[in-house]
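Asks: Could you look at this predicted model? Sequence included:
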Amino acid sequence: IDNGDGTVTDTGTGLMWQQDAAGGGGGFDGGTGGLYNWAEAKAYCQGLSLAGYTGWRLPTTIELMSIVDYGRYGPAIDTTAFPATPSEFFWSSSPYADGATYAWGVYFNFGKVLDGFKVNDGYVRAVRTGL
């Protein structure tokens, strides 16, 4: 459901999503221009106040995968609910097994889970428990 305030509620999962992606410019492999490394992505979400709500966080990989639409490509997401989503890498809060240098994310060009070097830049879409 598009809440009309910059958020989208998924009635199936009960999650409320930031409608617009945070970040801009650059790319998956360490670009510049407002994208976030993993630590910055977590801090951005924790500090976000959107549509009168706090309690935002960086989603887990499983949560990010819940908004992938495998019937679409470039980006693999419902572009009515999430317009202007770049076909790029989005951080999740899920650390890679080594925990120190990599974390998981979702590449929304085709909806695949990938690992990313934590100091590289990626996009962010914050989530909160909404229902």
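Replies: In hand now; what should we look at?
Asks: What ranges does this structure have for its strands?
Replies: 7-10, 15-18, 89-95, 102-107, 112-117, 127-129 (DSSP state E).
Asks: any idea how far Thr61 is from the closest residue to Met65 other than its chain neighbours?
Replies: Leaving aside its chain neighbours, Met65 sits nearest to Val106 (6.3 Å; criterion: Cβ to Cβ, 6 or more residues apart in numbering). In short, each C-beta sits where N, CA and C put it, glycine included. In this view, Val106 and Thr61 are 7 Å apart by Cβ to Cβ, to the nearest Å.
Asks: okay, the two: which has more neighbours?
Replies: Val106 (27 against 17; other Cβ atoms under 10 Å).
Asks: Surely that one is in contact with Leu64?
Replies: Yes. Counting by Cβ atoms under 8 Å, Val106 touches Leu64, with 4.4 Å between them.
Asks: Spell out which residues are contacts of both of these two.
Replies: Phe90, Ser92 (Cβ atoms under 8 Å, 6 or more residues apart in numbering).
Asks: How many residues are close by the nearest residue to Asn37 once chain neighbours are set aside?
Replies: Once flanking residues are discounted, Asn37 sits nearest to Val119: 5.3 Å by Cβ to Cβ, 6+ apart. Counted with other Cβ under 10 Å, residues neighbouring Val119 total 11.
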